[in-house]
Structures are given as structure tokens and as C-alpha cells.
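Novice: Curious how this folds, go ahead:
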Amino acid sequence: MAKVIMVQGTMSNAGKSLLVAGLARVFWQDGYRVAPFKSQNMALNSFITRDGLEMGRAQVVQAEACGREPSVLMNPILLKPTTDVGSQVIVNGEVIGNYRAGDYYKMKHTLWPDVEKAFNTLCDENDIVVVEGAGSPAEINLKQDDFVNMGLAKRFHIPVLLVGDIDRGGVFAQLAGTQMLLDPEENELLKATVINKFRGDVEILRPGLKQLEEIMHKPVAGVLPYLHVDIEDEDSLTSRFGKRTRSMLDVAVVQLPRISNFTDFTALEATDGVSVRYVSHVRELGSPDAVVLPGTKNTISDLRWLRESGLEAAVLHLADAGTPVVGICGGYQMLGRRVTDTCGAEGGGAIDGLGLLPTETEFEPEKHRTRVEGTVLSNPLIPEGTSVTGYEIHMGRTVLDASAVPLLRLDNGDRDGCVSGNVFGCYIHGFFDTVASRRAFLELICRRKGISPEDLTVLDYGEYKRQQFDILADAVRQNLDMELIRRILDNKL
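Specialist: Alright, predicted model coming up:
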């Protein structure tokens, strides 16, 4: 059986996912076979594995950090919010239905066998498993049938690191207060604390660390600085949405209320000379060099919001002026003439689209999930033959008019997407991840802007991510007591 360590947090966005990725990278660098695990994730950013199953992107990133192919064993349960009080529930990569929060909590105990099977399989196949909790273990109203925080830790006797976010203030109260709400068995499993996102001189913090250890009777395993590493995040609290800087090329992504898979644009963000801004108000849009409508968990609802917010009119104005407009997945559906949901896949209803593409979309009960590769067909925007790889996750089927121009030919012979004038869209998440497709898109913007594309350096995104993982691992080694971590891992503390 593998050695196991668990990272829990005092709150959402305390840094659990990043620390799991960092520890996994360190252990992988040390020669171990490592896997991440999170029994239940709630996120709109998801991924399709090679066997066509759906899982949360945080565990995909963590798998990449330790050189592993992503597997739904690493995230057996995924909740994708469809409304403020309900989510689509995905178990072992397959949708089992939409549940209101109350109904889900009544049935979640039935999912324990799926959690146990996935966890035990990972433990059988690896030297080390690094487990991530969710939210906070101090949510005392959610402790019954918990299998993502201390409930999981108690069942499998997993030692726990508790992470607090000092950047948002009150970190000592976060950590000590969380401990106060743990029962004795849970407190026994809590082995050490980590303070995350520190800015400044750590020596000034030391008296507080000493007091914290005296109050909690637990060692502080280290203080991680506020890291400037570019690693994909999936949380709705991501700092990416707050970026407002502009570079040589300015790409505006509409921040839809139910935006999903915003990691589709991290490769663009990592390109020197390119800024990616997320905009949710007309006043923020301005005159970008390109506009992107991203994926969404609720196309009709978010299309209605786009219209009511005034952003639809602004996007149409930019498109009419020749600005490239791109739609990915749900955004692609919005660019068409009509979206209809007679089967109630996303709540039912029908709505006119932006009318920028000669397409119509009809929702279907079954979710389409697949990894894809393909090439661009002849069109005036992207060079013919440009290679594209990625994955599709969508409920709708989009039909093109007889005279419409499809964007892509997939390797299985299917067509995907549509292009009309300066507007194009497709279902492929990860469209911009390959060097060829990203370069083609940026060269399109450069030509329209009258600047030389030679000024752009389009990096190998895979290699860039590996470099960022190594920077993260270096920070973990330098700022955490790795000898203490290994003692915890060996159950010697």
C-alpha cells in the first residue's frame, strides 16, 4: 500500500491544490510513483480522459505535476454547479443526474463505495498518494457522511496538513479556530500546519508561529511565500479574473456567470506580448483585438445574461467592425442563430443566439465526451492544415446551414465548428494549447492590427508547464520542513 498524506485548508482558495501539486512534484522528482486524489471536487473546469471520462482539472494539473496520465480514479466524484442551489453530479466520469443541494446530501452516503474503490486502487498502484480536501474540515454542518475531509482521513487513518491563507488576514485564527471545531480523533490526525501566501520578512512572523505551535500543540511545517508561478487553477476565486493589464495584443474573454474551462486561455496568457482580460461589464470591454465567448455550464441562462448586460450589443458592434470573435463550446453555441433545450438538459427553454454564425443548436440528454485531434479546413482566418488537439464536453448538437463553412476536420472524419467572416467557433477545449493553433490565431490578430507576428514568441506550452512545476517544487523544498513532511508521511509523528 502507498504512503498517504492529506492537505486540508481553512477555507476555499487557501492553496490546497497548489500545495498538493508541489508535494507531488517533489516526490516525483525524488523517484517515487505518485498520484493525486480528491474524492469530491466542485468545479466548472473539467477535463476528458483518454477513455472518455470526465474529471476535475485540479487533479489533471496535479497528475501532470507528477508525470501521470489523468484518471478518474484521482477524482471519482465531480459536482458541476448548474444553479446556485443545484449541480450536475458526475461519478467515475459519468453523469448520474442533476441534484438540488439538499437531495444530493441525502444520497451522497451511497457514493462511499466509489470513493473507497478509487482510493484503494490508487494506493495499490503507487508509492505515494497525495490527497486534497475540499473547502474546510470545520464546516460542522457538513460533517455527516463527509468523505472529502476528515471523514476520509478517519476512515483510512490519513495524516493531515492544514493550510491557512495569510494573504486574506487572520491566519492564526483560521488555523486555531479550525482545530477547535475538530473532534479528538480528527485532531489526532492533524499533524502540522502550513501558512501560505506570505509577503514580507518571515522573521517578523516567527513570534506568531511559536505562539501558534503552543496554542495548537502542532508544529508549523513551513511558510510558503506568495508564489508567482503560472499554474492552472480551477477555482471561481481565481485571481485571473481580476487582471486588467493590456499588452501588444489584447484579448477580451467574456466572464459569463457560469463560465467553465477558463483554463482554455492560460496558454494565451503565457505568451509574451499577449494580455487576456476577463470582462463582465460593457465598460470593461473597450476595443480589444479579439473577443472570446468561453464555455458555460448553462448556455441559455448565460446568453440571456449577455443580452441583458449589454455585452451582446457591444460584441455585435465589434464583430461588425471586423474584430475577430471566437466561441468555444457554449460560446460557440451562443454565436449561432438559435439554441433550444426541449429535453431540459440545462433547465429547458429556447433563445435566439447572436446570429454571427449560420448554425442552430439543440440540446440532447446525453453528454458528448471525447478527446479529439484535427486540422483546420480552408477558410480566410486560420491557415488550412493547422493542427488542433483537445477535448469536447457538451450536451448540445450544433447543425450548420447547407452553405456554412465548417472550421475543422477531425481525425475520425467528423466536422467541428463553423467560420463566417471574422467569426469562428468550435467545441474543442484546449484549442489554443497547441503551438500551431495558437500561433495561427495570434497571427490573425497581428495581420488585422498591422504588426509583425515575428515579434511574438509562441512557446511550447507543455514545456512551459513543466518549468512552472519545477519552480513550484523548488519553493516547496526551500520553505517547508521536508524532513518533518517525510516523518508525517511515514507515520512517525
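
Novice: where does this structure have low pLDDT?
Specialist: 234-246 (pLDDT under 70).

Novice: Name all residues that make contact with Asn75.
Specialist: Shown in contact with Asn75 (Cβ atoms under 8 Å, 6 or more residues apart in numbering): Phe37, Lys38, Ser39, Asn41, Met55, Gly56, Ala58, Gln59. Quick note: C-beta positions are derived from backbone N, CA and C, even for glycine.

Novice: Can you tell me the number of residues neighbouring the closest residue to Asp124 other than its chain neighbours?
Specialist: Closest residue in space to Asp124, ignoring its immediate chain neighbours: Met1 at 7.0 Å, by Cβ to Cβ, 6 or more residues apart in numbering. Look at Met1: counted by other Cβ atoms under 10 Å, it has 10 neighbours.

Novice: Kindly report the same for Thr299.
Specialist: When neighbours are counted by other Cβ under 10 Å, Thr299 registers 28.

Novice: Look up how far Leu306 lies from it.
Specialist: Distance, Thr299 to Leu306, using Cβ to Cβ, to the nearest Å: 10 Å.

Novice: can you list residues touching both of the two?
Specialist: Any residue near both Thr299 and Leu306 by Cβ under 8 Å, 6+ apart counts here, and that gives Met334.

Novice: Break the chain down into its domains, please.
Specialist: For the chain, the structural domains run 3-231+466-489, 249-455, going by automatic domain parsing.

Novice: How many neighbouring residues does Ile215 have?
Specialist: Ile215 sits with 13 neighbouring residues when counted by other Cβ under 10 Å.

Novice: So which residues of the stretch 101-250 of the chain form helices?
Specialist: In the stretch 101-250 of the chain, the segments counted as helices under DSSP state H, counting those that start in this stretch are 101-107, 112-125, 150-156, 171-180, 184-189, 202-216.

Novice: Now do the buried residues in the longest one.
Specialist: Taking 16 or more other Cβ atoms under 10 Å as the basis for neighbour counts, the residues of helix 202-216 that come out buried are Leu205, Leu209, Leu212, Met216.

Novice: hmm, who's touching it?
Specialist: With Cβ under 8 Å, 6+ apart as the test, helix 202-216 has contacts from Phe172, Leu175, Ala176, Gln179, Thr193, Ile195, Phe198, Pro219, Val220, Val223.

Novice: now swap in stretch 450-470 and tell me
Specialist: By Cβ under 8 Å, 6+ apart, the surrounding residues in contact with stretch 450-470 are 21, 25, 64-65, 229-232, 248-249, 267, 270-274, 433-435, 438-439, 442-443, 446-447.

Novice: Give me the buried entries from those residues.
Specialist: The neighbour count (16+ other Cβ under 10 Å) marks 21, 25, 64-65, 229-232, 248-249, 267, 270-271, 274, 433-434, 438-439, 442-443, 446 as buried among these.

Novice: among those residues, which are in strands?
Specialist: Among the buried ones among the contacts of stretch 450-470, the members found in strands (DSSP state E) are Leu249, Val274.

Novice: Nearest spatial neighbour of Val326, chain-adjacent residues omitted?
Specialist: Computed as Cβ to Cβ, 6+ apart, the closest residue to Val326 that is not its neighbour in sequence is Val292, at 4.8 Å.

Novice: and the one you found, which of the three is it?
Specialist: Counting by DSSP: H, G, I helix; E, B strand; the rest coil, the backbone at Val292 sits in strand.

Novice: Spit out the contact partners of it.
Specialist: Val251, Ala252, Val253, Val254, Phe265, Val325, Val326, Gly327, Ile328, Gly331.

Novice: Return the residue of the protein that is most distant from the centre.
Specialist: Distance from the C-alpha centroid of the chain peaks at Glu214, with 37.3 Å (Cα atoms, centre = their mean).

Novice: before we move on, back to that, tell me how far the residue nearest to Val326 lies from Gln59.
Specialist: Distance of Val292 to Gln59, given as Cβ to Cβ: 25 Å.

Novice: which residues touch the nearest residue to Cys343 once chain neighbours are set aside?
Specialist: Using Cβ to Cβ, 6+ apart and skipping residues adjacent in sequence, the residue nearest Cys343 is Pro365, 5.0 Å away. Pro365 sits next to Cys343, Ala345, Met395 when contact means Cβ under 8 Å, 6+ apart.

Novice: circling back to that earlier point, which of the helices of the stretch 101-250 of the chain sits closest to Ser260?
Specialist: Set against Ser260 and scored by Cβ to Cβ, the helices of the stretch 101-250 of the chain come closest in helix 101-107, at 19.0 Å.

Novice: and the closest one, C-alpha only, in CSV?
Specialist: Output of helix 101-107 as CSV, limited to C-alpha atoms (Å, rounded to 0.1, in the frame of the first residue of the first chain):
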residue,chain,number,x,y,z
ALA,A,101,-28.1,20.5,-2.9
GLY,A,102,-30.5,19.0,-0.3
ASP,A,103,-31.2,16.0,-2.4
TYR,A,104,-27.5,15.4,-3.1
TYR,A,105,-26.6,15.4,0.6
LYS,A,106,-29.4,12.9,1.3
MET,A,107,-27.9,10.4,-1.2
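
Novice: Pull out the buried residues from it.
Specialist: Neighbour-count burial for helix 101-107 flags Tyr104 (criterion: 16+ other Cβ under 10 Å).

Novice: and it, what does it pack onto?
Specialist: strand 86-91 (3 or more Cβ pairs under 8 Å, 6 or more residues apart in numbering; DSSP states H and E).
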